[in-house]
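S.K.: here's a sequence, model it:
(one chain, ligands or ions: 1)
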Amino acid sequence: MIPGSFEYYAPRSLSDAVKYLSAHKDDVKILSGGQSLLPLMKMRLSKPGYILDIGRIPGLDSIAEEGNNLIIGALVTHNQIEDSELLKKNCPLLPQTATTIADVQVRNRGTIGGSIAHADPAGDWPPAIMALDAEIKVVGPRSERWVKCNDFFLGLLMSVLEPDEVVTALKVPVTGNDKTAYLKAAPRSSGFAVVGVAVRMAMEASGVCSQIALGITGVADKAYRANRVEQMLTGKKLDSKLIEDVATESTRNVDVIEDINGSSEYRAHLTHVYVARAIQAAMQS
Ligand SMILES: Cc1cc2nc3c(=O)[nH]c(=O)nc-3n(C[C@H](O)[C@H](O)[C@H](O)COP(=O)(O)OP(=O)(O)OC[C@H]3O[C@@H](n4cnc5c(N)ncnc54)[C@H](O)[C@@H]3O)c2cc1C
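M.R.: Numbering: from 1, shown residues only. Prediction:
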């Protein structure tokens, strides 16, 4: 349970960080909250020769309003999101999601940028930011770019991030009167989702759903949007029967995983149940 040896560097600027990453890109890991990286290093599943601690770079740990969006720095912790009055008022799906992550110790250290970069297929942030159509700011030696989160995750612990690129921020919309919810089924021991469902929806006074976005985690090798469910519910007046019928489409054409938490049949069934429950929870929010 002791990591291999490594050189440690904690730059004070993003440009120094990117230079260091470029110089050591085959053997370097960025350290944010360390809640995923350090366990992997202690188990020697990850043995980087160089650690780049970005914790002293100014400007990455704040949440700010910018027009109709909110900019969340990569080093903002799960706990900061849980407690943020700005987010509770303007984008409550994020604080709702934060409360479901692990325990208070992990939430105090773990960061949203680290979670997104880690691309854990059972992580809670990917489905929430997908339901919000968020964008991720990525800075590297050649360019700065905003990546749509639906294009960011490629598979198990894989994303479009290059080894010399840093996630620096997340842009999410102010969700106004939209209704949102995040529900997950998780074993108590780890807290990681067997299935987690994030919903953002707009409802007309008549009960017609004018827009809906659903992000799902824990079910496949990466989080995904339940596009077919979204299409089938948009423009419809929602009732329990319709929601439950349509929820079964949430795993169509999805390669549902199986592991110690259950078979793929069990997980698919749980997904249908949680999709229906999450939509109903959002409607009542
Ligand atoms: C006991 C336990 C329970 C947990 N339960 C949950 C849970 O229920 N739900 C959940 O979602 N998560 C859970 N986690 C994971 C936790 O949320 C982590 O905080 C998160 O996955 C990683 O964030 P971090 O800041 O700790 O990143 P780190 O561990 O520092 O880094 C993770 C990876 O991302 C890279 N990285 C970090 N920051 C950046 C960046 N800014 N740009 C580019 N690459 C970067 C690192 O090099 C590393 O490869 C749990 C962790 C533990 C230890």
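
S.K.: so for the residue nearest to residue 191 when sequence neighbours are not counted, what's the pLDDT?
M.R.: Distances taken as C-beta to C-beta, 6 or more residues apart in numbering put residue 102 closest to residue 191, at 4.6 Å, once the chain neighbours are dropped. The C-beta positions use only the backbone N, C-alpha and C, and glycine is treated the same way. As predicted, residue 102 sits at a pLDDT of 94.

S.K.: quick one: name the residues of the stretch 1-150 of the chain near the ligand.
M.R.: 29-37, 39, 54, 74, 101-102, 106, 110-111, 113-115, 117-118, 120, 123-125 (C-beta under 6 Å from any ligand atom).

S.K.: repeat that for 5 Å
M.R.: 29-37, 74, 101-102, 106, 110-111, 113-115, 117-118, 123-124 (C-beta under 5 Å from any ligand atom).

S.K.: against residue 282, how distant is the residue nearest to residue 191?
M.R.: Residue 102 sits 23 Å away from residue 282, going by C-beta to C-beta, to the nearest Å.

S.K.: neighbour count for these two, which is higher?
M.R.: residue 282 (26 against 17; other C-beta atoms under 10 Å).

S.K.: now whichever helix or strand that one is part of: buried residues?
M.R.: Assessed by DSSP states H and E, residue 282 sits inside helix 264-283. Within helix 264-283, the residues scored as buried using 16 or more other C-beta atoms under 10 Å are 264, 267-283.

S.K.: where do the helices of the stretch 101-250 of the chain begin and end?
M.R.: Ranges of helices in the stretch 101-250 of the chain, per DSSP state H, counting those that start in this stretch, are 104-109, 112-118, 125-131, 149-152, 227-233, 240-247.

S.K.: can you lay out those helices as TSV showing mean neighbour count and distance to residue 164?
M.R.: Putting these into TSV (neighbours: other C-beta atoms under 10 Å; distance: least, C-beta to C-beta, whole Å) gives the following:
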stretch	mean neighbour count	distance to residue 164
helix 104-109	15	25
helix 112-118	24	13
helix 125-131	30	23
helix 149-152	20	17
helix 227-233	18	33
helix 240-247	16	42
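
S.K.: and this protein, what are its domain boundaries?
M.R.: Using automatic domain parsing, the domain parsing of the chain gives 7-52, 63-173, 179-283.

S.K.: what residues does the stretch 151-285 of the chain have near the ligand?
M.R.: Remark: the part of the stretch 151-285 of the chain in contact with the ligand comprises 166, 167, 191, 192, using C-beta under 5 Å from any ligand atom.

S.K.: of those residues, just the buried ones, PyMOL syntax please.
M.R.: In PyMOL, this line selects whichever of these come out buried by 16+ other C-beta under 10 Å:
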select buried, resi 166+167+192
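
S.K.: so which of the residues of the stretch 151-285 of the chain next to the ligand sits lowest on pLDDT?
M.R.: The member of those with the lowest pLDDT is residue 191, at 84.

S.K.: low pLDDT regions in the stretch 1-150 of the chain?
M.R.: Within the stretch 1-150 of the chain, no stretch has pLDDT under 70.

S.K.: name the nearest residue to the most centrally placed residue in the chain, sequence neighbours excluded.
M.R.: Using C-alpha atoms, centre = their mean, the residue of the chain that lies closest to the mean C-alpha position is residue 125, 1.9 Å off. Nearest non-adjacent residue to residue 125, counting by C-beta to C-beta, 6+ apart: residue 115, 4.6 Å away.

S.K.: contact partners for the residue of the chain most remote from its centre?
M.R.: Distance from the C-alpha centroid of the chain peaks at residue 206, with 32.3 Å (C-alpha atoms, centre = their mean). By C-beta atoms under 8 Å, 6 or more residues apart in numbering, the contact list for residue 206 reads residue 237.

S.K.: mind checking pLDDT for it?
M.R.: As predicted, residue 206 sits at a pLDDT of 91.

S.K.: make 418 the first number, not 1, from now on.
M.R.: Sure, I'll start counting at 418 from here, so that last one is residue 623.

S.K.: ok, so what distance separates it from the ligand?
M.R.: To the ligand, residue 623 is 37 Å away according to C-beta to the nearest ligand atom, to the nearest Å.

S.K.: quick one, phi psi at that residue?
M.R.: The phi and psi values for residue 623, taken as degrees, to the nearest 10, are phi -70, psi -10.
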